[in-house]
Each structure stands twice: as structure tokens, then as C-alpha cells.
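Trainee: What shape does this take:
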Amino acid sequence: MYVALQRCECGGPLDTEKQTLVCEDAAPLDVLSTRCSQCSKTRLFRFDISAFYGDLSKYGVITRPSKIIDALEWLTLAVLFIRDAESKSDDEKKLMLGEADFCLEQLFMFYPEGGDVPSGDAFFNQSEGNVPEGRLDLFRRPRIMMLKSQTRGSRVSKEE
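Mentor: Below you'll find the model as predicted:
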């Protein structure tokens, strides 16, 4: 999902061409090779997977907010998955709504317990590290819960 949010220097979207597992300084890394669909420039992304490598029971177990995808990006991804799911067949729709549900779960990790909006440091990829001007209402818990109601039943998820 992180790579899907990135763009080439020319502004074009990146397509994943290859995924490899490497070991560097005794740390397992997932390396994605991408190519820009507009200018063909290549770019590598390296992700440390040591938190679950060798123990798949830990795969997907996320206990802290993301440090590479911020609150606005999680919300954007969720809305895009929900929107795109509308035109899909039942199986594909369920898969996309499951992805949206996952994104909303990740967004909620930025909310303080009982909080109505994400914490102040949740927008670290935005200019000046703040929620975009006039957009705080998009993050109010009732609105996010309304979006979440559209994804219910699409995947097994934790109780909130």
C-alpha cells in the first residue's frame, strides 16, 4: 500500500515489477523493484520484515501506528478501496472492502483512547505535519465509523 501512495519524480504512478527477499546485516528485507509507467525510471523500496520473518503467526499483527503511512493516507486508501469496490464482482468487491477495512483499522491506531480525532502527530507526511486545512471533520470518529459500516463483514477484524 505504501508503494501505491508513491509517485515518480515525473509524477507518474509506479508499477511493481519484482519482489525479492534479501538479508542485509542479518536483517531480512522485502525489496520491491518498481518502474514508472510514464517515464520508465526505476525505483527500489526496502522494507524491514524482521518483526515477523520466520514466524508467520506474527505476520499482519500490528500493534502500533504506521511510521510510513500517515492518517490522511490511510483514510485516502480506504475511501479509494470503497469507491472502487462498487463496480466489482462479489468476490472482488469483498476483497476490496476487506482492504478498506484494514486501512480504517490502521487509521484508528492514530486515535487516542476515547478520542474523536487522530493525535497531533498522525499527519507526519503532510506539509508542516498537520491535518490539511479545513479537513479535520473528515477524521471525526462518527464519520470514520460510517465508512467502517460499509466494510463490515468483509474480513475478520478485531473489536474496536
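Trainee: Show me this protein divided up by domain.
Mentor: Annotated domains of the chain cover 2-58, 71-149 [automatic domain parsing].
Trainee: Out of these, indicate the one that is most buried.
Mentor: Mean neighbours per residue, mean count of other C-beta atoms under 10 Å, is largest over the domains of the chain for domain 71-149, with a mean of 16. (Each C-beta comes from the backbone N, C-alpha and C, glycine too.)
Trainee: quick revisit: right, so of the domains of the chain, which gets closest to residue 64?
Mentor: domain 71-149 (6.9 Å; C-beta to C-beta).
Trainee: In the chain, where is pLDDT below threshold?
Mentor: Applying pLDDT under 70 to the chain flags the ranges 154-160.
Trainee: Strands of that one, start to end?
Mentor: Counting by DSSP state E, the chain has strands at residues 14-24, 27-36, 42-48.
Trainee: Can you redo those strands as CSV, where the extra columns are distance to residue 136?
Mentor: Shown next, in CSV, are these (distance: least, C-beta to C-beta, whole Å):
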stretch, distance to residue 136
strand 14-24, 30
strand 27-36, 33
strand 42-48, 31
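Trainee: Quick check: which of these is nearest to residue 133?
Mentor: Among the strands of the chain, strand 14-24 comes nearest to residue 133, with 28.2 Å by C-beta to C-beta.
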